[in-house]
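A.B. asks: One predicted model, sequence on top.
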There are 2 protein chains.
Amino acid sequence: MNQLQLMQELSIQGTSQIVLLVIDGLGGLPIEPGGPTELEAAHTPNLDALAARSACGLSTPVAPGITPGSGPGHLALFGYDPLQYEIGRGVLEALGIGFHLQPNDVAARGNFCTVDGQGLITDRRAGRISTAECARRVELLRPIQLPGVQCFVEPVRDYRFVLVLRGEGLAGDIEDTDPQQTGKAPLPAVARSAGSSRTADLVDRWIGQAARILASQAPANMLTLRGFSMDPNLPKFPAVHKLRAAAVAVYPMYKGVARLVGMDLLPVEGELPADEFATVRQHWNDYDFFFVHIKKSDSAGEDGNFEAKAHVVESVDQALPGLLDLKPDVLVVTGDHSTPSLVKSHSWHPLPILLSARTARRDPVTSFGETACLAGSLGQIRHVDIMPLAMAHALRLTKFGA
Amino acid sequence: MNQLQLMQELSIQGTSQIVLLVIDGLGGLPIEPGGPTELEAAHTPNLDALAARSACGLSTPVAPGITPGSGPGHLALFGYDPLQYEIGRGVLEALGIGFHLQPNDVAARGNFCTVDGQGLITDRRAGRISTAECARRVELLRPIQLPGVQCFVEPVRDYRFVLVLRGEGLAGDIEDTDPQQTGKAPLPAVARSAGSSRTADLVDRWIGQAARILASQAPANMLTLRGFSMDPNLPKFPAVHKLRAAAVAVYPMYKGVARLVGMDLLPVEGELPADEFATVRQHWNDYDFFFVHIKKSDSAGEDGNFEAKAHVVESVDQALPGLLDLKPDVLVVTGDHSTPSLVKSHSWHPLPILLSARTARRDPVTSFGETACLAGSLGQIRHVDIMPLAMAHALRLTKFGA
């Protein structure tokens, strides 16, 4: 029995309420050896006071050394082992731009590329054309029609776009057409199983028409497709945990992953932490579980902007009383992954976590930071452990075995 | 997807360099309650200073309570779950004496034993004959010939030897001939599957000839064979991690395990830690990964010699600057398993570990020892986590999922 099955078996309904506050990219590193991390440098009196009355620890998103993308990082926070429940690249890309995937859609990530007179790829990223140039070519591709299916083409960023085919009987079990190196022609779409041969055939027809349209559009005069995939039809979070669950997020990717696991999406007026907490307050009586996602800490980390990242954390801290006033039975504060300004990207480092509840076991931690949390009573856990702990502290899990 | 597959998928080439320094049997215990362990008693200013600027922790070789042999201990260090990737006893024994196994060889561990007039075993270890007596009998067995295969017999130690059969179509799926108790006759070699019936038949013929030769050689007047096995054909370390990998070791077993996973073996002049570090220096520009194995700490622990074990650690510490001068991007120091002098054998206790890298998250640990490392930022990990962490800190792993 895997962990989700165990949750489904043990979870019970109740009146307790859980808030999972995800500060994206929260974990960090010192800029100077021995110095503070972004979180440690930030002035966070409310988080520190909360840590002092909470169980603290560190949580590894997927496994030691593994840096997760936003999809796997959030799946793990929601209790889904991301090594077991994989979401295809095409689906993630569609979620990232807010495309409303339907259960039978097949999505692929597309790259515009440059080919020479023989059709061999000379630049796999088409000279990194601008997003505007990408959007212009996407417009040219939208009129392409295929028998019995709808085609959607959406720009993403730079040379990247999404292709979605919608219709009965489609399947995503198709090889990438990207040969992964220059000097080769794009590959045909090859079905990996009999069930996807019709879809592969349709994709090839689409590519054929696209190639003719793009021929005059150098440097983006051809394209490759990869990560063909469908909604993985995950067990639904509200059913597994017997929670009425809502997501409060501003950016498409996080709304998309929340929708994929069956959470309701709540509208937010504004983009500040205080705005998101206000949304929680408005809907406080309608849900048992709120996933609240703060994006800009991650963006600042990716920009390598230590100060800006610390400032985002401070803005969360300042707004925090508005959330605490609601008196959630269980409040968890952590992030989906670390994004140290030092490395300007997602990283594998464990994240500080605090869990506040009447049943939380206290520890010596009196400030919320990477080093302080080493002494916490949660120890070092993994993200997939967080939902079972939150459910337990919400008194929403029955005993395992008699 | 298992961890090795994940590493293979996520690993990328780069220019960073990793050193894995394995001090065999490093973990220890106090002789007197409350006293220091061997490592804590040793004067190790260089390791302590390194610990102060590293991420520290404790690592369990296989699983809590499990004492590994050298084979599983090192497999785990190299990222192979030893419960999943098993190496047969015959193969391990052959590796331990430096026998160059070929992919189709079948190896078995042999024990000389004593049988009575009815052929029933009276001593399973032949009165623990000396290694010299063992070698003399091995010489007698070498002339045995079998149709279509080559036979190799090599002494190991005391009453133990190795038998290797080399030829086409051999298989190792054969039951032990050791009945595991006295008063019984050695068993015939029984094939566990159809594919190994010819091999079992050849083994029985070999045993028949050996029995006639040994009849006059009491107390070692018979033998038993067990652990029939072949090279497990493990996924190769350099391919999985995309690292040019070299092993610097003095003892056959460690060279053997390194060769089994596809590392290059580098010649060492001398047996001191400084000699091994000199080898690393010589080949520094030719490899991305160096496994450096220090043997004598384990031997001292097995002898129950607390002082000698501490002294070996001190000799590593004194030579350490020669390794640090090379400025590896990632340096991991730990051991394959604990060998406390108190118990005079391998043990299951977790080992202190330090990981030095620009991206290592600091912690309050300022000395390298079993108790100090409890406060480390690595927490308590397992040996199979070490390579993913080393690869991550070497910036040689891409993101998992988008």
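C.D. replies: Sure, I can see it. Numbering: from 1, shown residues only, chains lettered A, B, ... in the order given.
A.B. asks: Quick check, the residue in chain A closest to chain B?
C.D. replies: As assessed by C-beta to the nearest C-beta, chain B sits closest to residue A:65 within chain A, at 3.0 Å. Heads up, the C-betas are built off the backbone N, CA and C, glycines and all.
A.B. asks: how about the nearest residue to that residue, chain neighbours excluded?
C.D. replies: Using C-beta to C-beta, 6 or more residues apart in numbering or on different chains and skipping residues adjacent in sequence, the residue nearest residue A:65 is residue B:388, 3.0 Å away.
A.B. asks: check contacts around the one you found.
C.D. replies: Counting by C-beta atoms under 8 Å, 6 or more residues apart in numbering or on different chains, residue B:388 touches A:63, A:64, A:65, A:66, A:348, B:3, B:7, B:79, B:397.
A.B. asks: Can you tell me which residues in the stretch 251-400 of chain A are near chain B?
C.D. replies: Taking C-beta under 8 Å from any C-beta of the partner chain, the part of the stretch 251-400 of chain A that reaches chain B is made up of A:340, A:342-343, A:345-350, A:370-371, A:374-375, A:379-380.
A.B. asks: Just the buried ones out of those, please.
C.D. replies: The neighbour count (16 or more other C-beta atoms under 10 Å in any protein chain shown) marks A:340, A:342-343, A:345-350, A:370-371, A:374, A:379-380 as buried among these.
A.B. asks: out of those, who's nearest residue A:132?
C.D. replies: When these are ranked by distance to residue A:132 (C-beta to C-beta), residue A:345 comes first, at 25.5 Å.
A.B. asks: What ranges does chain A have for its helices?
C.D. replies: A:3-10, A:38-41, A:45-52, A:70-77, A:89-96, A:131-141, A:197-214, A:237-241, A:252-260, A:273-282, A:296-302, A:306-324, A:386-393 (DSSP state H).
A.B. asks: Can I get the fifth one in PDB, CA atoms only?
C.D. replies: Spelled out, that is helix A:89-96. In PDB, the C-alpha atoms belonging to helix A:89-96 read as follows (Å, rounded to 0.1, in the frame of the first residue of the first chain):
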ATOM      1  CA  ARG A  89       6.700  17.800 -19.700                       C
ATOM      2  CA  GLY A  90       4.000  18.800 -22.100                       C
ATOM      3  CA  VAL A  91       1.300  18.800 -19.400                       C
ATOM      4  CA  LEU A  92       3.600  20.800 -17.100                       C
ATOM      5  CA  GLU A  93       4.300  23.300 -19.800                       C
ATOM      6  CA  ALA A  94       0.600  23.700 -20.500                       C
ATOM      7  CA  LEU A  95      -0.100  24.100 -16.800                       C
ATOM      8  CA  GLY A  96       2.600  26.700 -16.600                       C
END
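A.B. asks: Can you give the distance of it from its chain's centre?
C.D. replies: 10 Å (C-alpha atoms, centre = their mean, to the nearest Å).
A.B. asks: got the contact list for it?
C.D. replies: Contacts of helix A:89-96 (C-beta under 8 Å, 6+ apart): A:69-71, A:87, A:101, A:105-109, A:154, A:156, A:160, A:162-164, A:172, A:226-232, A:252-253, A:255-257, A:259-260, B:401-402.
A.B. asks: on that earlier part again, per-residue pLDDT, the residue nearest to residue A:65?
C.D. replies: pLDDT, residue B:388: 98.
A.B. asks: which residues does the closest residue to residue A:39 other than its chain neighbours contact?
C.D. replies: Leaving out its chain neighbours, the residue that sits closest to residue A:39 by C-beta to C-beta, 6+ apart is residue A:369, at 5.2 Å. Contact analysis of residue A:369 by C-beta under 8 Å, 6+ apart lists A:36, A:37, A:39, A:40, A:352.
A.B. asks: Okay, residue A:369 and residue A:101: tell me how far apart.
C.D. replies: From residue A:369 across to residue A:101, the span is 39 Å (C-beta to C-beta, to the nearest Å).
A.B. asks: what do you get for residue A:290?
C.D. replies: Taking C-beta to C-beta, one finds residue A:290 at 24 Å from residue A:101.
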